[in-house]
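here are the coordinates; sequence isn't available:
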Ligand code: ZN
């Protein structure tokens with residue numbers, strides 16, 4: 001070995017040692033910093049880290065702690081955006097706690113989701129304690145190929161934007177004023193609202209006080225199947241998003257079949273079979289007294305995408321009851337479903353005999369669902385008459401009334417379901433129908449149909 005080579009080797013060794021010491025030193029400082037953090041800030045909690053490598057900023061001072069985790073995606077512009085958002089949060093936090101004696105903390109954790117290798121979603125959740133307490137989040141959906149964030153209109157149609165506003169409103173307890181709904185649409189259009197997309201859901205984030213004054217951040221979590229119909233075919237394919245189960249296409253005609261007075265062991269399964277064949281669903285306004293002995297049928301309804309509504313416990317005329325009697329009848333019916341462990345996301349009432357008055361409307365805490373097509377199946381019990389009634393009158397947005405208690409209704413339903421499907425109608429639940437038409441169901445209101453506007 002020449003002297004030169006030996007020297008080079010020695011320098012190499014020293015350098016390697018220095019690097020190791022450096023890394024070790026940084027690591028030691030980081031570990032020390034981590035150990036000085038309050039217990040609850042030491043670890044990240046969220047497990048969904050599909051994309052990127054975790055970066056952490058940890059700073060501990062006498063009465064202040066910062067522990068922020070965020071992903072590094074190895075894409076210049078994307079990472080610049082994420083880091084800028086993180087720094088902005090840290091600076092705002094430091095500003096608001098300047099000169100304050102009490103302990104203050106900023107903690108952040110994140111979720112990141114892979115979208116078929118071509119896209120990624122990131123949501124960072126921040127928690128602040130100190131001068132200001134609260135939680136906020138920041139999210140993005142990125143196009144990895146183009147190294148940029150995607151906007152709402154890059155992904156959804158105009159109708160999709162409106163539907164996102166509607167679904168957000170549906171999830172807000174107090175609802176939205178007309179002005180707030182218009183503002184929400186603008187926020188989506190200008191990408192001032194934020195988007196997190198995964199296989200299962202669409203999350204829309206409206207930053208604090210952008211929707212209504214004095215309001216916290218609004219975060220709507222919407223199941224993907226409710227929005228996938230508003231993504232164009234190509235986007236859907238590129239991002240590897242698939243409909244999980246039945247989806248309602250808002251652009252195709254639809255009707256809601258409804259069945260009262262069941263379930264019935266001989267009739268209801270035949271209707272469910274027919275619906276299954278065309279990937280359709282219906283709404284069954286059951287009687288609590290009958291539901292009790294048909295747990296398997298109710299379970300099947302829910303599993304196959306149909307909806308269960310309330311038709312009272314014992315088929316009493318609600319217009320002849322006092323308030324507590326009305327509520328007893330309705331509660332007793334829901335209770336049967338609760339005891340079966342069924343979740344009923346939207347509670348609907350079909351008043352017995354279609355009878356209602358102002359008192360019932362004011363008392364029943366649910367939307368009242370009537371109908372626009374009456375087969376009168378219970379009166380004539382004639383298969384052809386029921387089928388003809390639907391064929392001659394049905395239109396997009398109708399609610400059809402039948403009763404799953406007669407053999408003839410089972411047979412008529414088999415024909416009607418097949419015929420409607422052949423005519424291009426989607427068979428949807430009452431909730432799906434109004435949702436697709438952007439109509440918010442309100443307690444005490446009467447609904448008969450949802451014709452396209
Ligand atoms: Zn009835």
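Cool, the structure landed. Note that the structure is a prediction, hence the values are computed from the model and not measured.

only C-alpha atoms for contact and neighbour calcs from this point on.
Will do.

What residues does the stretch 351-453 of the chain have near the ion?
Within reach of the ion by CA under 5 Å from the ion, the stretch 351-453 of the chain has these residues: residue 352.

Name the residue of the stretch 351-453 of the chain that lies nearest to the ion.
Of all residues in the stretch 351-453 of the chain, residue 352 sits closest to the ion, at 4.7 Å by CA to the ion.

got it, and the stretch 101-250 of the chain?
Counting by CA to the ion, the stretch 101-250 of the chain gets nearest the ion through residue 248, at 27.8 Å.

ok so that residue is a helix residue?
No: Residue 248 is assigned coil when assessed by DSSP: H, G, I helix; E, B strand; the rest coil, not a helix.

pLDDT wise, what is the closest residue to it other than its chain neighbours at?
Leaving aside its sequence neighbours, residue 248 sits nearest to residue 229 (CA to CA, 6 or more residues apart in numbering; 6.9 Å). In this model, residue 229 is scored at 87, pLDDT.

tell me which residues of stretch 240-251 are tucked away?
The neighbour-count check on stretch 240-251 (16 or more other CA atoms under 10 Å) flags 240-241, 247-250 as buried.

right, I mislabeled it, should have said stretch 159-178
160-170, 176.

Look up the residues forming beta bridges with residue 57.
residue 68 (DSSP bridges).

what's near enough to touch it?
66-69 (CA atoms under 8 Å, 6 or more residues apart in numbering).

Try it again at 10 Å.
Residues near residue 57 by CA atoms under 10 Å, 6 or more residues apart in numbering: 30, 34, 66-70, 86-87, 90, 107-108.

Looking at these, which are in strands?
Among the contacts of residue 57, the members falling in strands (DSSP state E) are 66-70, 107-108.

Widest-spaced pair of these?
Of all pairs drawn from these, the greatest distance, 12.8 Å, lies between 66 and 70 (CA to CA).

which residues do the two both contact?
Contacts common to residue 66 and residue 70, judged by CA under 10 Å, 6+ apart, are 56-57, 108.

picking that back up, so which of the buried residues of stretch 159-178 reach the ion?
Answer for these near the ion: none qualify (CA under 5 Å from the ion).

In the stretch 101-250 of the chain, where is pLDDT below threshold?
213-214 (pLDDT under 70).

Run through the strands of it in chain order.
Remark: strands assigned in the stretch 101-250 of the chain by DSSP state E, counting those that start in this stretch are 104-115, 119-129, 134-143, 148-149, 194-197, 201-206, 218-223.

Now do the second one against strand 201-206, angle only.
To tie it back to what came earlier, the one meant is strand 119-129. 50 degrees (axes from the mean of the first three to the mean of the last three CA atoms, to 10 degrees).

ok, whatever residue of the stretch 151-300 of the chain ends up closest to the ion - contacts?
The ion sits closest to residue 261 of the stretch 151-300 of the chain, with a gap of 4.8 Å, by CA to the ion. Going by CA under 10 Å, 6+ apart, residue 261 touches 284-291, 310-315, 352, 402-405.

Can you flag the buried ones in these?
Judged by 16+ other CA under 10 Å, buried ones among those: 284-291, 310-315, 352, 402-405.

Out of these, list just those in strands.
In strands, defined here by DSSP E, the members of the buried ones among the contacts of residue 261 are 284-286, 310, 402-403.

need those in a markdown table with pLDDT, can you?
A markdown table is the format used below for those (pLDDT from 0 to 100):
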| residue | pLDDT |
| --- | --- |
| 284 | 98 |
| 285 | 98 |
| 286 | 98 |
| 310 | 98 |
| 402 | 98 |
| 403 | 98 |
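
Dump these to TSV, plus distance to residue 127.
Formatted as TSV, those follow (distance: CA to CA, whole Å):
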residue	distance to residue 127
284	44
285	44
286	45
310	42
402	52
403	53
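
which two from those end up farthest apart in space?
Farthest pair in these, by CA to CA: 310 and 402, 14.8 Å.

Pick out whichever of the contacts of residue 57 sits closest to the ion.
residue 108 (53.9 Å).

Okay, and the beta partners of the closest one?
Bridge pairing for residue 108 - DSSP bridges - gives residue 68, residue 126.

Hmm, it is touching residue 129, no?
No: in this structure residue 108 lies outside contact range of residue 129 using CA atoms under 10 Å: 11.8 Å.

what sits in contact with each of the two?
residue 135.

Who has more neighbours out of the two?
Neighbour count, other CA atoms under 10 Å: between residue 108 and residue 129, residue 108 has more, with 24 against 18.

quick one, what contacts that one?
Per CA under 10 Å, 6+ apart, neighbours of residue 108: 41, 44-45, 56-57, 66-70, 86, 89, 124-128, 135-137.

If we use 7 Å, what do you get?
Applying CA atoms under 7 Å, 6 or more residues apart in numbering, we find residue 108 in contact with 67-69, 124-127.

Which residue, neighbours along the chain excluded, lies closest to residue 294?
Going by CA to CA, 6+ apart, residue 294 has residue 263 as its nearest residue, at 7.0 Å.

Run a quick neighbour tally on the one you found.
Around residue 263 there are 27 residues (other CA under 10 Å).

same thing with the one 3 residues further on?
Other residues lying near residue 266 total 13 when counted by other CA under 10 Å.

Quick check on the closest residue in space to it that isn't next to it in sequence: phi, psi?
In space, residue 266 comes closest to residue 407 once its chain neighbours are excluded; the distance is 7.3 Å by CA to CA, 6+ apart. Dihedral pair for residue 407: phi -50, psi -40, per degrees, to the nearest 10.

my read: residue 407 touches residue 267, true?
Yes: between residue 407 and residue 267 a contact is recorded at 5.9 Å, counting by CA atoms under 7 Å.

If you count surrounding residues, which of the two has more?
More crowded of residue 407 and residue 267, by other CA under 10 Å: residue 267, with 20 against 17.

Next up, the contacts around the more buried one.
404-407, 410 are the contacts of residue 267 under CA under 7 Å, 6+ apart.

And for the closest residue to residue 240 other than its chain neighbours, the neighbour number?
In space, and not counting its chain neighbours, residue 240 is closest to residue 116: 5.2 Å by CA to CA, 6+ apart. For residue 116, the count of nearby residues is 13 (other CA under 10 Å).

ditto for residue 292
For residue 292, using other CA under 10 Å, the count is 17.

so it makes contact with residue 338?
No: contact criterion CA under 7 Å: residue 292 and residue 338 do not qualify, at 11.0 Å.

Next to the ion in this structure, residues from the stretch 151-300 of the chain, please.
residue 261.

how about the helices in the stretch 151-300 of the chain?
In the stretch 151-300 of the chain, helices defined by DSSP state H, counting those that start in this stretch lie at 152-155, 158-171, 178-189, 233-238, 268-277, 288-291, 295-303, listed in chain order.
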